[in-house]
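Trainee: turn this into a model:
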Amino acid sequence: MSSTSTPNRGLTKIATNRLQKELVEWQVNPPAGFKHKVTDNLQRWIIEVTGAPGTLYANETYQLQVDFPEHYPMEAPQVIFLQPSPLHAHIYSNGHICLDILYDSWSPAMTVSSVCMSILSMLSSSTVKERPPDNDRYVKNCRNGRSPKETRWWFHDDKV
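Mentor: Okay, the predicted model is just below:
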């Protein structure tokens with residue numbers, strides 16, 4: 001190994017291999033509406049998402065930050081919107097996303113692409129631009145840099 005290359009700290013070999021494979025697949029066949037901003041950090045991806053045509057978010061661009069845990073894909077990545085986050089009933093103003101596949105319903109069969117498509121679908125199906133009803137309370141409780149993975153989410157809205 002040359003002195004200029006640094007291994008991705010904190011990722012198992014399985015996680016590293018999986019992420020490298022997903023990255024190649026993304027470059028060959030990127031999901032529509034998404035751009036991966038290339039960095040040298042395999043453990044944190046920044047992904048640009050553009051709202052789908054004909055939706056409330058058409059032509060609006062947002063950024064997702066995807067942080068991969070040591071044991072990815074056995075453990076879900078942490079996915080948040082960077083500021084400014086879209087105005088949506090399941091997206092808090094601090095960028096945290098209330099979406100079951102990011103927490104309880106995660107499966108190792110899922111990929112970054114499938115997560116992105118789920119987020120775009122969630123955005124596309126929205127009929128109003130509004131924050132979650134408990135946004136202010138939730139964001140206040142997250143002030144000290146709390147991860148959305150530390151939240152006990154309550155998934156009850158199957159319409160969005």
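
Trainee: and the strands in the chain, which stretches?
Mentor: Taking DSSP state E, the strands of the chain run over residues 34-37, 44-50, 61-67, 78-81.

Trainee: mind listing what the residue nearest the centre of the chain touches?
Mentor: Computing the C-alpha centroid of the chain and ranking residues by C-alpha atoms, centre = their mean puts Val79 first, at 2.9 Å. Listed by C-beta atoms under 8 Å, 6 or more residues apart in numbering, the contact set of Val79 reads Leu64, Gln65, Val66, Asp67, Ile97, Leu102, Val115, Ile119. (Each C-beta comes from the backbone N, C-alpha and C, glycine too.)

Trainee: who does the fourth one bridge with?
Mentor: It refers to Asp67. Arg44, Gln78 (DSSP bridges).

Trainee: please pull out the lowest mean pLDDT helix or strand from the protein.
Mentor: Each helix and strand of the chain was given a mean pLDDT (mean pLDDT, DSSP states H and E); the minimum falls on helix 135-141 at a mean of 86.

Trainee: who touches that helix?
Mentor: Residues contacting helix 135-141 (C-beta under 8 Å, 6+ apart): Tyr92, Ser93, Asn94, His96, Pro132, Thr151.

Trainee: buried residues in the longest helix along the chain?
Mentor: The helix spanning the most residues in the chain, taking DSSP state H as the definition, is helix 13-28. For helix 13-28, burial by neighbour count (16 or more other C-beta atoms under 10 Å) applies to Ala15, Thr16, Arg18, Leu19, Glu22, Trp26.

Trainee: list just the nearest of those to Thr50.
Mentor: Trp26 (15.6 Å; C-beta to C-beta).
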